[in-house]
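# Quick check, what structure comes out for this input:
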Amino acid sequence: MSSKRLLPLVLRAAAIAWMAFFWVWLIGFQSSFVEVDAQAYWGIDFDSLYIGSKLGDQDAFLYSPVVAWLFAPFSLVPYEVFYAVLAAVNLVALVWLLGFEVAALALLLQPISNEVARGNIHLLLAVAIVVGFRYPASWAWVLLTKVTPGVGLLWFAFRREWRSFGTALLVTAGIAAVSFAIAPDLWLRWFDLLATNASSTRPSLLEIPVVPRLAAAAVVLALGAWRNRPAVVPVAAMLALPAIWVNSLALLVAVVPLLLADWDHRAIRMVRPRT
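Here you go, the predicted structure:
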């Protein structure tokens, strides 16, 4: 086998080995981590869900009742198992967005390694945003979790892609309506939680309330839509997060495949909306 064919195989094997080692290391040391976001997604108690929860509090579940139901079955397994599964899912998302080799390098960056170690969902939001250009229904994941990054949907409105815009909203509304009919009390508690935390500026990288950041995100989207630059959407979504922490920057990973799709017309099918 020639060196030209051998080198890519060696690099791929090294990348997989490094990510596997990182995953095993996380499983072994997760009990020593002081703050782990994954704890909020395990042990769901619907009787006390949202009661006393505040943005930035450890173990505070802040997502919609739909997402609580999705996570609830994982409470049947030990927390260590759930943490390992979530870390694996985040690594798979990272590989899907960047490819094996670049994903392995990205783990050397603090926001990325911190995101996987803490067990948050920013990488999953990044996947939903990229997929959302082709299948707008995936925006339901964004709107039903952290909510405010859903401002990214204005990309479709600014570009008058009303079918994509409407699909995202209708799918989200349909899921929410069914869920509300089943447990209206949970939804009312969640709405109250969102209203209570709307002006929160808990210590973070950018201690600015979410409303002015939403306005800034809308401007970014308008300019990006005008210049046909889909890579601005995850940037705007990150700006609009309820709170921006170090690991929140992991959402910007979505910029890479969108830039590549913009540069490589063979890949544009990934982000071109259906007609």
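
# what about the residue lying closest to V131 once chain neighbours are set aside, how many residues close to it?
Spatial nearest neighbour of V131, excluding adjacent residues (C-beta to C-beta, 6 or more residues apart in numbering): S138 at 4.4 Å. For the C-beta atoms, the positions are set from N, CA and C on the backbone; glycine is no exception. Using other C-beta atoms under 10 Å, S138 has 18 other residues around it.

# Tell me the spacing between S138 and L249.
Per C-beta to C-beta, to the nearest Å, S138 is found 21 Å from L249.

# just F191 next, same as before
Going from F191 to L249 by C-beta to C-beta gives 29 Å.

# quick one: contacts for the residue nearest to V131?
V127, A128, I129, V131, G132 (C-beta atoms under 8 Å, 6 or more residues apart in numbering).

# can you pick the most crowded of those residues?
Most neighbours among those, by other C-beta under 10 Å: I129, with 31 neighbours.

# helix or strand for it, which one?
For I129, the host element (DSSP states H and E) is helix 122-132.

# Excluding covalently adjacent residues, which one is nearest to I27?
A84 (5.0 Å).

# Now do the helix or strand encompassing that neighbour and helix 122-132, the angle between them.
Element membership for A84 (DSSP H and E) is helix 79-98. Using axes from the mean of the first three to the mean of the last three C-alpha atoms, to 10 degrees, the direction of helix 79-98 lies 40 degrees away from that of helix 122-132.

# And the next helix or strand after helix 79-98, what's buried?
Remark: after helix 79-98, the chain's next helix or strand is helix 100-106, criterion DSSP H and E. Buried residues in helix 100-106, defined by neighbour count with 16 or more other C-beta atoms under 10 Å: F100, E101, A103, A104, A106.
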